[in-house]
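Enquirer: Mind looking at a prediction? Sequence and model below.
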Amino acid sequence: MKTKLTVENGNVRKTLQDFLASLLETGLVELLYLPMRTPSGTVTPALVSSPDMLEYADVLASVMSMNSATQVGKLSIREPRPKIGVVLRSCEMRALVELAKLQQASLADLVTISLDCAGTYAVPEFLEKSATNNREIWKTLYQTTVLTSPQPMIEQRIACQICEQPVYDQADIVIEMIGSDLQNDVRLSVKDELAGQLGLQPVEPGERAAILDKLIENRSRNRDMVFEELRTQMDGSENLTKIFAACIRCHNCMNVCPICYCKTCVFKSEVFDHEPMQYVTWVKQKGAFRMPADTMLFHLTRMNHMVLSCVGCGMCTEACPAELPVGQVFRTIGQRVQTTFDYLPGRSLDEPLPLITFKADEWNEVGEN
């Protein structure tokens with residue numbers, strides 16, 4: 001059902017805080033998982049049980065310190081578990097769906113709340129802007145990114161600039177920031193059963209579709225430019241090696257990736273702790289040997305494992321101390337792989353994962369005899 005919340009005095013944040021409080025007050029959920037402001041000004045995901053604490057909730061904060069699908073998966077997979085409402089951006093929702101398919105999350109006792117996303121800043125840029133802009137920097141992104149036809153914003157995370165899926169319409173509740181007046185109302189799309197329990201009234205659809213199409217067109221154009229440039233750089237195995245040449249194999253990209261869920265990982269084992277004399281052999285063969293070893297094997301193995309399910313959140317790029325374009329590379333390669341299998345990660349919980357689905361003729365479909 002399409003409905004809307006009335007915004008008092010232009011305070012969208014307070015309007016959303018009150019709505020989320022109603023989920024706790026009506027008993028629809030026992031806990032809420034959502035971004036919260038800390039006294040230092042940072043924003044971090046937190047679990048909340050008291051409606052009074054929601055005055056610190058800031059779902060509009062234009063920052064992602066992590067992809068919360070990982071934490072939500074851990075909260076949801078074991079029993080007994082509470083009924084939790086989770087506020088997530090599109091890439092987080094899509095990652096959660098992928099984790100559910102991989103049996104690393106369960107949607108059974110979750111009320112999923114998806115927030116339309118106009119993009120986010122990296123944490124340092126967000127803190128700098130937030131300190132001088134009275135916590136309203138989200139308005140800049142929605143007004144310039146959504147309501148106009150912008151060029152890429154330099155401060156905005158590159159993953160957001162090229163994200164062509166800024167909304168996730170299959171959640172139980174969708175906060176439709178795109179297409180809302182925002183000065184006077186915030187529109188919602190709520191599953192009928194939940195809408196009835198909350199006493200919400202239906203309204204006519206707004207102009208969401210046209211604005212959303214415009215945003216997706218802009219993002220897709222940015223994406224294609226980035227992909228074209230990277231494909232040129234990656235032409236040939238040696239060039240791919242150059243892109244990852246500065247990798248120190250810290251595993252940060254793997255640790256923050258919501259899709260890298262394996263409890264036991266070969267790269268966290270002793271397999272790659274080679275004997276000292278093995279290094280001597282390699283050095284004598286080549287004259288010199290790069291350290292740390294096996295960096296390309298690490299990235300190629302990760303690609304092989306998770307590129308079909310990569311949702312493009314870009315957390316890997318943010319976590320890289322060498323500032324390698326890890327997320328852009330994975331998205332560039334992922335686009336071709338996902339197109340080959342006609343698979344869009346997070347599109348539907350009912351869509352099976354290609355790698356665990358047997359099709360007798362699939363090799364013929366991709367050109368093999």
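Expert: Thanks, I have the structure now. Just so you know, these numbers come straight off a predicted model, no measurement behind them.
Enquirer: Show me which residues of the helix or strand encompassing D213 are buried.
Expert: Using DSSP states H and E, D213 sits within helix 208-233. Residues of helix 208-233 classed as buried by neighbour count (16 or more other Cβ atoms under 10 Å): 208, 212, 215-216, 218-219, 222-223, 226-227, 230. Backbone N, C-alpha and C define where each C-beta goes, glycine included.
Enquirer: Please apply the same query to stretch 171-190.
Expert: For stretch 171-190, burial by neighbour count (16+ other Cβ under 10 Å) applies to 171-180, 182, 185-190.
Enquirer: So what would you say the end-to-end distance of that stretch is?
Expert: Terminal residues of stretch 171-190 lie 8 Å apart, using Cα to Cα, to the nearest Å.
Enquirer: same deal with stretch 310-324?
Expert: Chord length of stretch 310-324, first to last residue, is 17 Å (Cα to Cα).
Enquirer: who touches that stretch?
Expert: Residues from elsewhere that reach stretch 310-324 (Cβ atoms under 8 Å, 6 or more residues apart in numbering): 64, 66-67, 91-92, 94-95, 98, 122-123, 157-160, 162-163, 165, 243-244, 246-248, 250, 252-259, 325-328, 330-331, 334, 345-346.
Enquirer: Sketch out the low-pLDDT regions of this structure for me.
Expert: Residue ranges of the chain with pLDDT under 70: 134-135, 145-154, 237, 362-369.
Enquirer: Is V86 in a helix, a strand, or coil?
Expert: What DSSP: H, G, I helix; E, B strand; the rest coil gives for V86 is strand.
Enquirer: and if you look at K4?
Expert: K4 is classified as strand under three-state DSSP.
Enquirer: contacting residues around it?
Expert: 180, 185-188, 203 are the contacts of K4 under Cβ under 8 Å, 6+ apart.
Enquirer: Closest one to I356 out of the residues you listed, please.
Expert: I356 has its nearest neighbour among those in L188, at 35.2 Å by Cβ to Cβ.
Enquirer: hang on, the earlier thing: show me the contacts of stretch 310-324 that map onto helices.
Expert: 91-92, 94-95, 98, 123, 158-160, 243, 252-256, 326-328, 330-331, 334 (DSSP state H).
Enquirer: Mind checking which of the residues you listed are buried?
Expert: 91-92, 94-95, 98, 158-160, 243, 252-254, 256, 326-328, 330-331, 334.
Enquirer: The protein - how does it break down into domains?
Expert: As given by automatic domain parsing, the domain ranges for the chain are 2-225, 236-365.
Enquirer: Could you verify my assumption that F19 touches L5?
Expert: Yes: if you go by Cβ atoms under 8 Å, F19 and L5 touch, sitting 5.6 Å apart.
Enquirer: which residues are in contact with both of those two?
Expert: Shared contacts of F19 and L5, counting by Cβ under 8 Å, 6+ apart, come down to L188.
Enquirer: Run through the residues that contact V326.
Expert: 253, 299, 316-317, 320.
Enquirer: ok, now how distant is it from T38?
Expert: For V326, the distance to T38 (Cβ to Cβ, to the nearest Å) stands at 28 Å.
Enquirer: do G119 as well
Expert: For G119, the distance to T38 - Cβ to Cβ - is 22 Å.
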